[in-house]
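Chemist: task: produce atomic coordinates for the following.
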Amino acid sequence: MNYLRLSAQTSLNAVCPYFTMFPLSFPLSILGRNSESAHTVLDPFCGRGTTNFAARLLGMPTFGVDVSPVAVAATAAKLVNGISPNQIIMEARNILRSRLDYELPSGQFWSRAYKPRVLKALCKFRESLMRSCRSEARKALRGILLGALHGPLQVDGSSSYFSNQAPRTYAPKPRYAVSFWRKHGLRAPDVDVLDIIRLRAARYYTCPLPTVAHRVKCGDSRNLSTLREACAESPATLIVTSPPYYGLRTYVSDQWLRNWFLGGADHVDYSYGIQVSHRSISSFISDLQRVWLNVAIVSHKDARLIFRFGAINDRTVDPCEIIKASLRETPWRLVTLVNAGTAQHGRRQAVTFGGASKKPIIEFDAWAVLQS
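Modeler: As a prediction, the model looks like this:
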């Protein structure tokens, strides 16, 4: 596989920065070894769609499932077909020119996070995309807006994001954000919304990409019906994924701003939402087993399951033991378990917002096959 040739096509993977458990090179290397054969790729914990995007680059049909609407929107933006930057810009301009009633959130966070006219534009986009987001142009536009919703300022105070100083992979909590902005005298940038959309549309959607069959489903992979619907067109032959790590359950609160843009509340939701259980190691393993069982049912008899798994600093667990336990009493047979290095958690832009990183923990790659 020519990675130099692919490098010019990979910019779209950054359309909406989001926590991920592996870099694009991980699914690319796995799928690239199998590109000579016809494969259908499934990711039952698709996150921001890294596996699905890798499959698209290699011309493979791909399906993804995730419980997070933000994850599904980001993934969908990477799989749109036949769209040009001009079509995206035209769609954005038409929405801004339309007459729509929309809700405008209020409070110190909102007044300090965005300039008034920028917030009004975002609310108009939010309302319009909530009403309809079926077209390819709208899916791409939604991904661009989610990716630009919050991020860092430049040294000169300018920005290619809509917000005041913030991390780009997770949303700041309002109370801390307001305090931080006051302390450092930071103000929301006076940006041109359409200019940012134009810049990002050109960056992400100029390079032509393969057109592949795909489906992205917002749902829970512990439910067999969800995976059956996702893989309705053909059984999966390659499953490449990364389950949530035990104890890492702040996806909802970390993505509260993007969830708001997709129709959620205008304040932080500290609930854990629908996700794999973290009440105990045994319940976590049990839920993973349910997913692997369901995946086996919607997979071809010769399918392979490859997933990356690790641990977080706040929970003392042995990721290898969890991997082995999750595959027991399932049709999957573990054939390989290798050290995959660290996740480089310290690069999650926490420093942008005054945060301190912790030493990353070793991760592991597991390879399993269906038992005959």
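
Chemist: wait, residue 209 sits on residue 55?
Modeler: No - counting by CB atoms under 8 Å, residue 209 stays clear of residue 55, with 11.3 Å between them. Heads up, the C-betas are built off the backbone N, CA and C, glycines and all.

Chemist: the two: who's more crowded?
Modeler: Neighbour comparison, residue 209 and residue 55: the larger count goes to residue 55, with 30 against 19 (by other CB atoms under 10 Å).

Chemist: so that one makes contact with residue 32?
Modeler: No - judged on CB under 8 Å, residue 55 makes no contact with residue 32 at a distance of 10.6 Å.

Chemist: show me the contact partners of stretch 312-321.
Modeler: Contact with stretch 312-321 is made by 245-248, 281, 309-311, 337, 358-359, 361-364, as judged by CB atoms under 8 Å, 6 or more residues apart in numbering.

Chemist: check which residues of it are buried.
Modeler: 312, 317, 319, 320 (16 or more other CB atoms under 10 Å).

Chemist: again with stretch 245-253
Modeler: 245, 246, 247, 248, 249, 251, 252, 253.

Chemist: quick revisit: now render the buried residues of stretch 312-321 as CSV, adding distance to residue 293 and pLDDT.
Modeler: Shown next, in CSV, are the buried residues of stretch 312-321 (distance: CB to CB, whole Å; pLDDT from 0 to 100):
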residue, distance to residue 293, pLDDT
312, 25, 71
317, 22, 84
319, 20, 90
320, 21, 93
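
Chemist: mind listing which of the residues you listed are in helices?
Modeler: 319, 320 (DSSP state H).

Chemist: and the two most separated of the buried residues of stretch 312-321?
Modeler: Pairwise distances across the buried residues of stretch 312-321 peak at 15.2 Å for 312 and 320 (criterion: CB to CB).

Chemist: now the common contact residues for residue 55 and residue 32.
Modeler: Counting by CB under 8 Å, 6+ apart, nothing touches both residue 55 and residue 32.

Chemist: residue ranges of the strands in the stretch 201-350 of the chain, please?
Modeler: 214-218, 236-241, 299-309, 332-342 (DSSP state E, counting those that start in this stretch).

Chemist: weakest of those in terms of mean pLDDT?
Modeler: Ranked by mean pLDDT, these bottom out at strand 332-342, with a mean of 93.

Chemist: in this structure, which residue is closest to the centre?
Modeler: Nearest to the mean C-alpha position of the chain, by CA atoms, centre = their mean, lies residue 48 at 1.9 Å.

Chemist: any idea what sits nearest that residue, other than its immediate chain neighbours?
Modeler: In space, not counting the residues next to it along the chain, residue 48 is nearest to residue 18; the distance is 3.8 Å by CB to CB, 6 or more residues apart in numbering.
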